[in-house]
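Participant: Got a predicted structure plus its sequence, pasted below:
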Amino acid sequence: MAFNLESLTEATSGAIGALVSTTTLYPLDTCKTKYQAEIRAHNQQKYRNTSDVFWEAISNHQVLSLYQGLGTKNLQSVIFSFVYFYGYSFFKKLYLKRSGSKSIGTKANLVLAATAGACTVVVTQPLDTASSRMQTSEFGKSKGLWKTLSENTWSEAFDGLGISLLLTANPSIQYTAFDQLKRRLLKRQPSKKRGTEPSSEALSAFSAFVLGAVSKCIATCLTYPAIRCKVMIQAESDEDETKEDQPKAQKTVSGAIHTIWKREGLLGFFKGLQAQILKTVLSSALLMMVKEKITKTTWVLMLALQRYLSITKTRLKNA
């Protein structure tokens, strides 16, 4: 029971952290997504940068529209984080039990993380697609979750699933980059203990934070073209685009790649990269900070709940 309780604690604290992070940074996420989804020739672009989306909302008195789709995004984030952290903790415990090892190697850890990520993506993809469509619709004209999903086919609810599965490699790239940067940094520092391997414990909190941010930036830069294509595929159709061109341009990976290359060139694959990095780094930092702060409290509450259920079950048997 302790095994399941520990996994449940990780999942619950992670889900709460995701809820706080998503809600706090949602206006930035909306601006970023609308900017990424726009695909027009340079001389016809409505938004020159991410801030233009924000100023459009203010000038049209639609500031609250920056939160359109927040409920769906929160639901997706909570489910995603809960399933991911529960699955990741479950797979780690299962691996240690089956292998008889006391620790998990780097390769095994990456495989377990990727497996948990893939399972989570499949479960939450319809919500991810719906939230992207809500964010990219015109300010004040966003539809509800059910209407957004029901007006399209079930298969369209999984638009971008292939790319989403591909993007589970993002944490792997981040972890590898962090490890390499850490080793190089530690080699330049005088060793306090002879014969010790570079470890995360040898880094100061500030160094670990900086390397974590840098490694996340590297992973985001390397996977960003896929992120841009995913947003385009999931985005709400632009009324200014012809019906004939829209499905081809935004509903397939090859179509998205072709359209970006034709209309925006090579740099188009990195449109909105700065906002993506800012949002991703802040979101990851805030999520993990909240998660770490409430993990102990969540553990105590879970133990109390377990004890209460156990007592209730015993009373029912004796009744």
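Facilitator: On my side now, so go ahead.

Participant: Can you get me a residue count around the closest residue to Thr295 other than its chain neighbours?
Facilitator: Nearest non-adjacent residue to Thr295, counting by Cβ to Cβ, 6 or more residues apart in numbering: Ser13, 4.6 Å away. To be clear about C-beta, it is placed using only N, CA and C from the backbone, and glycine gets the same treatment. Ser13: 24 surrounding residues under other Cβ atoms under 10 Å.

Participant: Identify each buried residue in whatever helix or strand Ser13 lives in, please.
Facilitator: Here Ser13 sits within helix 2-37, counting by DSSP states H and E. The neighbour-count check on helix 2-37 (16 or more other Cβ atoms under 10 Å) flags 6-22, 25-37 as buried.

Participant: hmm, back to that, and the pLDDT for the residue nearest to Thr295?
Facilitator: Ser13 carries a pLDDT value of 79.

Participant: which helices and strands does the host helix or strand of Ile311 pack with?
Facilitator: Assigned by DSSP H and E, Ile311 belongs to helix 273-318. With contacts defined as 3 or more Cβ pairs under 8 Å, 6 or more residues apart in numbering; DSSP states H and E, helix 273-318 has these neighbours: helix 2-37, helix 205-234.

Participant: buried ones in the last one?
Facilitator: I take that to be helix 205-234. Across helix 205-234, burial judged by 16+ other Cβ under 10 Å covers 207, 211-213, 215-220, 223-234.

Participant: which helices and strands does it pack with?
Facilitator: On a contact count with 3+ Cβ pairs under 8 Å, 6+ apart, helix 205-234 meets helix 2-37, helix 106-136, helix 161-166, helix 169-188, helix 246-250, helix 253-264, helix 273-318.

Participant: looking at those, which one has the lowest mean pLDDT?
Facilitator: Of all those, helix 246-250 has the smallest average pLDDT, which comes to a mean of 48.

Participant: Any buried residues in stretch 171-187, and which?
Facilitator: 171-175, 177-178, 181-182, 186.

Participant: Show me which of those residues is closest to Ala114.
Facilitator: Closest to Ala114 out of the buried residues of stretch 171-187 is Ser172 (6.4 Å), distances taken as Cβ to Cβ.

Participant: sorry, back to before: could you dump the helices and strands packed on helix 205-234 into CSV with distance to Phe90 added?
Facilitator: Below are the helices and strands packed on helix 205-234 laid out as CSV (distance: least, Cβ to Cβ, whole Å):
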stretch, distance to Phe90
helix 2-37, 5
helix 106-136, 8
helix 161-166, 20
helix 169-188, 17
helix 246-250, 36
helix 253-264, 32
helix 273-318, 15
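
Participant: Of those helices, which is nearest Asn152?
Facilitator: Among these, if distance is taken as Cβ to Cβ, the winner is helix 106-136, at 8.7 Å.

Participant: what's near enough to touch Thr33?
Facilitator: 132, 135-136, 231, 235 (Cβ atoms under 8 Å, 6 or more residues apart in numbering).

Participant: ditto for Ala169
Facilitator: Contacts of Ala169 by Cβ under 8 Å, 6+ apart are 114, 223.

Participant: same deal with Leu166?
Facilitator: 223, 226 are the contacts of Leu166 under Cβ under 8 Å, 6+ apart.
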